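Engineer: Sharing a sequence plus its predicted fold:
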Amino acid sequence: MLNRALFCTLMACTGDVKESSHDTETTTETTTDETTNTGETTPADDTTTTDETTNADDTATGETEPVLLLIGLMVHLEGHRVDSESDHDDYREAIVAYADLFDAHGAVPTWEVREPIDSCLTYKDPYFRPLEARGHGIGVHADLGGPDMPEGYDVPLFTDDLAGMKSRLESQEVSVRHVSGVCSELDWTAAVAGAGYSFVTGVVDYCLKSLAPVPEEVADCVDPADCHDPYPAELADRLHPWRMDDDNWIDSAADGSVVILPESTTSLPKLASGGDDLSFTDEDIDEYLVQLEAALALVDPEQVNVFFQLWSFGLALDPEVMERWLIAIEPYVASGQVRWVSLPEMYDAFIDWEAAAR
Ligand SMILES: [Zn+2]
């Protein structure tokens, strides 16, 4: 219970906090002290980070509390044509195999769905419902509003399309509160809000194209692939969700319609190579840990702190490397520094934090 109290201190749980997902992990959390006391598995021993950020030595003596960073993985299920029931079945099996791997290591992916929204309906196989029941996050990946949008496409059409994807996925009895793949020259924030979404992920520099005037750094960017770095530019600014100002989404406003959950780094297989090599490698894992340590050093206990990556699947990644990545994260979970959650749970933590701040 001490650890739950600590969690609520860090996450600013409200006084009437429901006995919710925070409590379901009590057994895991109560093992924290033993794990840290071994002194062998804590990340601090293997790295050069400062004592302030890892706390491993201090925790062993009970002097300092561990920091807490909510970690996740955003999986874009996109770019996969399904032309037959066997295509649909093969894709589902691949997704579920990765889901099993994540579950085996206590990791919590968030599936942001494009093509399977409709193939699940066509083949009457709503497989996202059982994944949500396993604690995974579910959302929409739209890939709409970009430079290849049809002639005459506008905010009302954009809004209708986003609302349609949401309702077709919700018809499969999953809860859908967020969307990615919406960056546009159009006012994408109005379309997202109008379609009834509560939060947005996958915000990259190209999203700045909706602002007037268009910021200089993206003024010449025609292809989103050329301005696809996560926004904002500094990691420190990407660790905290914000409720966006409806008139200027890069600013925050208490009465904004939609929350932005910023992704922390470039996508998993690009971490080390910067995009030249799209396979997931051990070098990517090393770079992930460097970035994770950097994020831990920046954790602000007064705010909600999130750290998640993109995997565009799309491209299947080597499951053996994936498993080594998941294993590399486990000591951080055991020491209480990080906690796997879905992206909807990150949003909920932000809503709790907002409520406590009022
Ligand atoms: Zn996409």
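Structural biologist: Looks like it came in fine.
Engineer: Relative to the ion, how far out is M346?
Structural biologist: Going from M346 to the ion by CB to the ion, to the nearest Å gives 20 Å. Any C-beta I mention is one placed from the backbone N, CA and C, and that applies to glycine too.
Engineer: what do you get for E151?
Structural biologist: 21 Å.
Engineer: Three-state assignment for that residue, please.
Structural biologist: Following DSSP: H, G, I helix; E, B strand; the rest coil, E151 is assigned to coil.
Engineer: Just the mean pLDDT for the longest helix belonging to the chain, thanks.
Structural biologist: The longest helix of the chain (DSSP state H) is helix 85-104. If you average the pLDDT over helix 85-104, you get 97.
Engineer: Ok, stretch 311-329 next?
Structural biologist: For stretch 311-329, mean pLDDT is 95.
Engineer: How about it and the ion, any contact?
Structural biologist: No. Stretch 311-329 lies out of reach of the ion by CB under 5 Å from the ion, never closer than 6.4 Å.
Engineer: Could I get the CA-only coordinates of the longest helix of the chain as CSV?
Structural biologist: Coordinates of each C-alpha in helix 85-104 appear next as CSV, following Å, rounded to 0.1, in the frame of the first residue of the first chain:
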residue,chain,number,x,y,z
GLU,A,85,-10.2,-13.7,-45.2
SER,A,86,-6.9,-15.6,-45.1
ASP,A,87,-5.1,-12.2,-45.3
HIS,A,88,-7.2,-11.1,-42.4
ASP,A,89,-6.5,-14.2,-40.4
ASP,A,90,-2.7,-14.0,-41.0
TYR,A,91,-2.6,-10.4,-39.9
ARG,A,92,-4.6,-11.1,-36.8
GLU,A,93,-2.3,-14.1,-35.9
ALA,A,94,0.8,-11.9,-36.3
ILE,A,95,-0.8,-9.2,-34.1
VAL,A,96,-1.9,-11.7,-31.4
ALA,A,97,1.6,-13.3,-31.4
TYR,A,98,3.2,-10.0,-30.6
ALA,A,99,0.4,-9.3,-28.0
ASP,A,100,1.3,-12.6,-26.3
LEU,A,101,4.9,-11.6,-26.3
PHE,A,102,4.1,-8.2,-24.7
ASP,A,103,1.9,-9.9,-22.1
ALA,A,104,4.6,-12.4,-21.2
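Engineer: could you say what helices and strands it packs with?
Structural biologist: If you count contacts as 3 or more CB pairs under 8 Å, 6 or more residues apart in numbering; DSSP states H and E, helix 85-104 packs onto strand 69-77, strand 109-113, helix 115-122, helix 128-133, helix 319-334.
Engineer: what about 7 Å?
Structural biologist: Under the contact definition 3 or more CB pairs under 7 Å, 6 or more residues apart in numbering; DSSP states H and E, helix 85-104 sits against helix 319-334.
Engineer: Specify the angle between the helix it packs on and helix 85-104 in degrees.
Structural biologist: With axes from the mean of the first three to the mean of the last three CA atoms, to 10 degrees applied, the angle from helix 319-334 to helix 85-104 works out at 30 degrees.
Engineer: Brilliant, that's me finished.
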